[in-house]
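what's the 3D shape of this:
(one chain, ligands or ions: 2)
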Amino acid sequence: MSEPIRVGVLGARGRMGQQACRAVDAADDLELVAMVDAGDWLFSVADAGSQVLVDFTHPDVVMDNIRFAIDQGIHAVVGTTGFTAERLDTVRTWLADAPQVGVLVAPNFGIGAVLSMRFAQLAARFYDTAEVIELHHPHKADAPSGTAVRTAELIAAARREAGMGAVPDATTQARDGARGADVDGVHVHALRVAGMVAHQEVVLGAEGETLTIRHDSLDRVSFMPGVLLGVREIARRPGLTVGLEALLDL
Ligand SMILES: NC(=O)C1=CN([C@@H]2O[C@H](COP(=O)(O)OP(=O)(O)OC[C@H]3O[C@@H](n4cnc5c(N)ncnc54)[C@H](OP(=O)(O)O)[C@@H]3O)[C@@H](O)[C@H]2O)C=CC1
Ligand SMILES: O=C(O)C1=N[C@H](C(=O)O)C[C@H](O)C1
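Ligands and ions are numbered 1, 2, ... in the order given. Next up, the predicted model:
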């Protein structure tokens, strides 16, 4: 058997970081060599010889962490959200100077969540309207969720490709926020509910019918097969990969 892949986890004491540490530790082909959280010495990830860094931290710090990984020649598997097109372009620019390094940025590592995004993308052109509702635990920093933003972007792109116009909406009078956030012309509604983990509904509508695509992550363990897949694959994928779907042949 070949040497295990050496993995460092950032955000190691957080909700996702703890799960990621457990999952890496339990995998025979991976070795957990660094666990770093806020206030810890970031360079211990490099000192420990990490080949892959897993990041579940915070949108405010994730860009610095990616920069660090690229500068150190460490591949990165990033689950932290808060990415924009500009942020992704910045990562591409950094990677241009380190062509051997791979960075995976995935708003959701849940296989079902990735499938549900794909289903929504496929369905979008058949329905006049599409809206996204995401429901998360109240400790979440960003809204809408990274998954919801990506879902809305995929729906919007599918509608554009099909030559569809704006989603019909006669609203002329509304309280602030009543119609949710506008992501590429798709309305996204964010609920924060104690007891929940991560849930999303895409509600599509056409004359006489609706289609609801719902996914529920009931436990953060649901994200781990995707995280481990990313860790095992990223060295074979130099440059920036956005979304786990690329690794699932979707
Ligand atoms: N892609 C996916 O499948 C998923 C993505 N996420 C995303 O992952 C991120 C983390 O979520 P979650 O685990 O719930 O959040 P938590 O707040 O539970 O965990 C984040 C951890 O990162 C720590 N941290 C903050 N800054 C740094 C830093 N500079 N270096 C190292 N550690 C740091 C925090 O410390 P402190 O609390 O002291 O600030 C905290 O312990 C979010 O963006 C979330 O949206 C979540 C679930 C799935
Ligand atoms: O913060 C969370 O919990 C989650 N964050 C990700 C997101 O913003 O989409 C993924 C999942 O929804 C859980």
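
Every contact and neighbour count from this point should use C-alpha atoms.
OK.

Please point out which parts of the longest helix out of those in the chain sit buried.
For the chain, the longest helix by residue count, based on DSSP state H, is helix 146-161. Buried residues in helix 146-161, defined by neighbour count with 16 or more other CA atoms under 10 Å: 146-159.

Could you pull up phi and psi at the residue nearest the centre of the chain?
Residue closest to the mean C-alpha point of the chain, counted by CA atoms, centre = their mean, is residue 107 at 0.7 Å. For residue 107, the backbone dihedrals (degrees, to the nearest 10) come out as phi -70, psi -20.

which residues touch it?
79-81, 146-147, 150, 243 (CA atoms under 8 Å, 6 or more residues apart in numbering).

so which of those residues comes closest to residue 62?
Nearest to residue 62 among the contacts of residue 107 is residue 80, at 6.8 Å by CA to CA.

Against residue 153, how distant is the closest one?
From residue 80 over to residue 153 the distance is 18 Å, taken as CA to CA, to the nearest Å.

and what of residue 77?
To residue 153, residue 77 is 22 Å away according to CA to CA.

cool, residue 241 as well?
With CA to CA as the criterion, residue 241 and residue 153 are 16 Å apart.

mind listing the helices in this structure by residue range?
Ranges of helices within the chain are 15-26, 44-47, 62-72, 85-96, 111-123, 146-161, 224-233, based on DSSP H.

Need those in a markdown table (columns: mean pLDDT and distance to ligand 2).
Compiled in a markdown table, these are given as follows (pLDDT from 0 to 100; distance: least, CA to the nearest ligand atom, whole Å):
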| stretch | mean pLDDT | distance to ligand 2 |
| --- | --- | --- |
| helix 15-26 | 98 | 8 |
| helix 44-47 | 98 | 24 |
| helix 62-72 | 98 | 13 |
| helix 85-96 | 98 | 16 |
| helix 111-123 | 98 | 8 |
| helix 146-161 | 98 | 4 |
| helix 224-233 | 98 | 12 |
